[in-house]
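**Student:** Predicted model and sequence below, questions to follow.
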Amino acid sequence: AALTRRHAVLTQRRVTATRRTLEAAVRAGNWQTSEGRRDLVLGITPPLLVAAASALVDESRYYAEAAVAEDAPPPPPAPSIPTPGTATAIAGLAGVIAIAQQRGQESGLRGTALERRVGVVFGLAGSKAVMQDARSWAGGYLLNDPSVKRFRRVPDEDPCFFCAMLASRGFVYHSRDSSGDTRVVTAWHDGCECTTQAWYVGAEQPQLDVMTKLAAQIYENSTGQYSGHQKTTAFRRAWESRSRT
């Protein structure tokens, strides 16, 4: 539990730091023109690639330590450098800025308000790009390694309804299950600070965190009379109502 918690805190700090860095870059840079956006992204690419490599190393280390703690075989080594996919995602952030600018202007935003909107969108998308390799590697490990019995999504301190809904199911996911839901390790929204956790073959089921238990309780209480997509709608309404109280 302590190891998983430390990993979750580290991930949250990395995502938050990335968002703040990119928001500051927008405040200090020229993002109103295509040339300005290109130069802005080129300037922040090196530190983002460093952050992506660090995230990948930390993800690999976390699962290596978790496997050792449960007497499970170690995971395969992770790459030491970001993949071309991450470099492509970072390069695509110039387009993210352009779309955010256009949509903000269409909504009537100008000046500081528009700059703030662009910075937030840029930061959210950039943080996802930084975590891309780490999450892709972890997803492949959790889905394919026979030493992993089940896995779950570990929510952050204030998860969105989607992440809370995935987390609410606890350790029920595995690719070998006919009901397996790979969204736990494949579906990550911009700015997501959640993580994952493995339950290894032969080990006792790990304890769930308080936020996961709360999500499970709200899901049970809010969705019993519904079916299909209505369950999702009912849970979202209940979860977001809880957040506003």
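**Tutor:** Happy to help now that I have it. Predicted, not measured: the structure shown is a model, and the values here were computed from it.

**Student:** which residue is nearest the middle of this structure?
**Tutor:** For the chain, the residue nearest the mean C-alpha position is residue 192 (3.5 Å; Cα atoms, centre = their mean).

**Student:** correct me, but that one touches residue 162?
**Tutor:** No - if you go by Cβ atoms under 8 Å, residue 192 and residue 162 don't touch, sitting 9.1 Å apart. C-betas here are computed from N, CA, C, even on glycine.

**Student:** And residue 227, its phi and psi?
**Tutor:** Residue 227 has phi and psi values of phi -140, psi 160 when expressed as degrees, to the nearest 10.

**Student:** got a list of what it touches?
**Tutor:** For residue 227, no contacting residues are found, by Cβ atoms under 8 Å, 6 or more residues apart in numbering.

**Student:** Who are the packing partners of the biggest helix by length in the chain?
**Tutor:** Ordering each helix of the chain by length in residues (DSSP state H) puts helix 34-69 first. Under the contact definition 3 or more Cβ pairs under 8 Å, 6 or more residues apart in numbering; DSSP states H and E, helix 34-69 sits against helix 2-28, helix 84-91, helix 93-106, helix 111-144, strand 195-200.

**Student:** so which of these gets nearest residue 55?
**Tutor:** Closest approach to residue 55 among those (Cβ to Cβ): helix 111-144, 4.2 Å.

**Student:** Tell me how far the closest one lies from the chain's centre.
**Tutor:** Its chain's C-alpha centre and that of helix 111-144 lie 7 Å apart, by Cα atoms, centre = their mean, to the nearest Å.

**Student:** Now it: buried residues?
**Tutor:** Neighbour-count burial for helix 111-144, counted by 16 or more other Cβ atoms under 10 Å, picks out 114-115, 117-139, 141-143.
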